[in-house]
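In: For reference, the sequence and a predicted model appear below.
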Amino acid sequence: MAKDVMEKRRFGKTDMHVSVLGFGGYEIGCSSASPEDIARLLNTALDAGLNVLDTAACYKDSEMLIGNAVGHRRKDFFLFTKAGHASGLNFSDWDPSLVEASIDRSLVRLKTDCVDLVQLHTCDRATLEKGDAFRAVERARNAGKTRYIGYSGDGEAALYAVQSGLFDALQTSISIADQEALALTLPIAAEKHMGVIAKRPIANAVWRNSGVPKEAYHRPYFHRINELKYDFLNKALEESVGVALRFTLAAPGVHTAIVGTENPERYAKNAALLKAGPLPAHECSAIRDRWNAVARPDWGGLS
């Protein structure tokens, strides 16, 4: 791994020590940025001390862009991907043959023989209970194509995945605008020594928008934030983002928070925000209290 000062945390019971900031690959898959810009972004992130790259088979060109940009630096980072959605393959979602074919395609795109983590990607509880999709990933692990197996999702399906004891890791939504997991799944995940990846950890910084965001993906958080009205969001944007990020990383059991961006400077800036240290307990409590006072029953985890 690259030498740096970014904090590392032991990823559950695995042998990985992951940087508290990770790279989320969704945005680059949907981006119009050039491959050269993506290469600069990823290499800059790695140089800043980040060592987790998370992507998925269904994030359009994300896997291929990552493989082309940093495949030559494979020893410098932990590589996580997800499988389960057909994404152009001629199978039904969650079909065991689809899962296996998807993993094989991911390895080609990512230019590697083995990823560190394959996650079942937002399948429902019934699919998890059936077990075929999990066994397909298990076969991939036995064949040396992945070292560990995770589940990426929220709500009752995530709860089942955590309770099952089958998975090494959980990726779930945790932020100032998405706190269901803090009580629903994180305590059990900690008991089972699972690695935990916080996705959407700054709620897409939706409070920077003066009006409803164009991206439908961001709108639910925008509406939640407008009701939550946290006092700290009145601070300068960088300071408020820092508070939001530190809140997520203060959640018991969280090991890394993945942030998606097209800005090559973003990870160095986020790392600088974390130099303020852990968010004080009284500030975390105030955010939790506000959530508990305002959150509606249907404000579940958003994938």
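Out: Noted; the coordinates are in hand.
In: And stretch 251-263, end to end?
Out: Stretch 251-263 has an end-to-end distance of 26 Å (C-alpha to C-alpha, to the nearest Å).
In: Would you mark the buried spots in that stretch?
Out: 251, 253-261 (16 or more other C-beta atoms under 10 Å). Just so you know, the C-beta spots here come from the backbone N, C-alpha and C atoms, and that holds for glycine as well.
In: Show me how far that stretch is from its chain's centre.
Out: Remark: stretch 251-263 is offset 6 Å from the chain centroid, using C-alpha atoms, centre = their mean, to the nearest Å.
In: cool, stretch 284-293 as well?
Out: 23 Å.
In: This structure: helices as residue ranges?
Out: For the chain, the helices defined by DSSP state H cover 26-29, 35-47, 62-70, 96-110, 125-130, 132-142, 155-164, 180-184, 186-191, 219-228, 237-250, 266-273, 281-294.
In: and the gap between residue 181 and residue 285?
Out: 17 Å (C-beta to C-beta, to the nearest Å).
In: With residue 89 instead?
Out: Using C-beta to C-beta, residue 89 is found at 47 Å from residue 285.
In: neighbour count winner among these two?
Out: Neighbours were counted for residue 89 and for residue 285 using other C-beta atoms under 10 Å; residue 89 has more, 17 against 10.
In: That one and residue 105 touch, don't they?
Out: Yes: Residue 89 is within contact range of residue 105, at 7.1 Å (criterion: C-beta atoms under 8 Å).
In: The most centrally placed residue in the chain bridge partners, please.
Out: Geometric centre of the chain, nearest residue: residue 199, 3.4 Å, by C-alpha atoms, centre = their mean. As for beta bridges, residue 199 partners with residue 173, residue 258 under DSSP bridges.
In: about what we covered before: okay, the helices of the chain, which one's buried deepest?
Out: With neighbours taken as mean count of other C-beta atoms under 10 Å, the helices of the chain reach their highest mean count in helix 62-70, at a mean of 23.
In: Can you spell out which helices and strands pack onto it?
Out: In this structure, helix 62-70 makes packing contacts with helix 26-29, helix 35-47, helix 96-110, judged by 3 or more C-beta pairs under 8 Å, 6 or more residues apart in numbering; DSSP states H and E.
In: can you list the residues that contact that helix?
Out: 25-26, 28-29, 35, 38-39, 41-43, 46, 53, 55-57, 76-77, 79, 81, 106, 109-112 (C-beta atoms under 8 Å, 6 or more residues apart in numbering).
In: Not counting the lowest-mean-pLDDT helix or strand in the chain itself, show me its contacts.
Out: Here the helix or strand of the chain ranked lowest by mean pLDDT, DSSP states H and E is helix 266-273, holding a mean of 88. Residues outside helix 266-273 that contact it (C-beta under 8 Å, 6+ apart): 6, 21, 23, 44-45, 48-50, 238, 241-242, 245-246, 259, 261.
In: what's the closest non-adjacent residue to residue 110?
Out: Leaving aside its sequence neighbours, residue 110 sits nearest to residue 67 (C-beta to C-beta, 6 or more residues apart in numbering; 4.3 Å).
In: For this protein, which residues score under the pLDDT cut-off?
Out: 1-5 (pLDDT under 70).
In: hang on, the earlier thing: pick out whichever of the contacts of helix 266-273 sits closest to residue 98.
Out: residue 23 (25.8 Å; C-beta to C-beta).
In: Show the contacting residues for the nearest residue to that closest one once chain neighbours are set aside.
Out: Leaving out its chain neighbours, the residue that sits closest to residue 23 by C-beta to C-beta, 6+ apart is residue 53, at 4.8 Å. Residues in contact with residue 53 (C-beta under 8 Å, 6+ apart) are 22-23, 25, 42, 66, 70, 77-80.
In: swap the cut-off to 7 Å and go again
Out: Neighbouring residues of residue 53 by C-beta atoms under 7 Å, 6 or more residues apart in numbering: 23, 25, 66, 77, 79-80.
In: List the buried residues of stretch 208-218.
Out: Buried-residue list, stretch 208-218, by 16+ other C-beta under 10 Å: 209, 218.
In: contacting residues around that stretch?
Out: 204, 206, 219, 222, 237.
In: Please apply the same query to stretch 230-241.
Out: Residues contacting stretch 230-241 (C-beta under 7 Å, 6+ apart): 176, 202, 205, 207-208, 243, 273, 287, 290.
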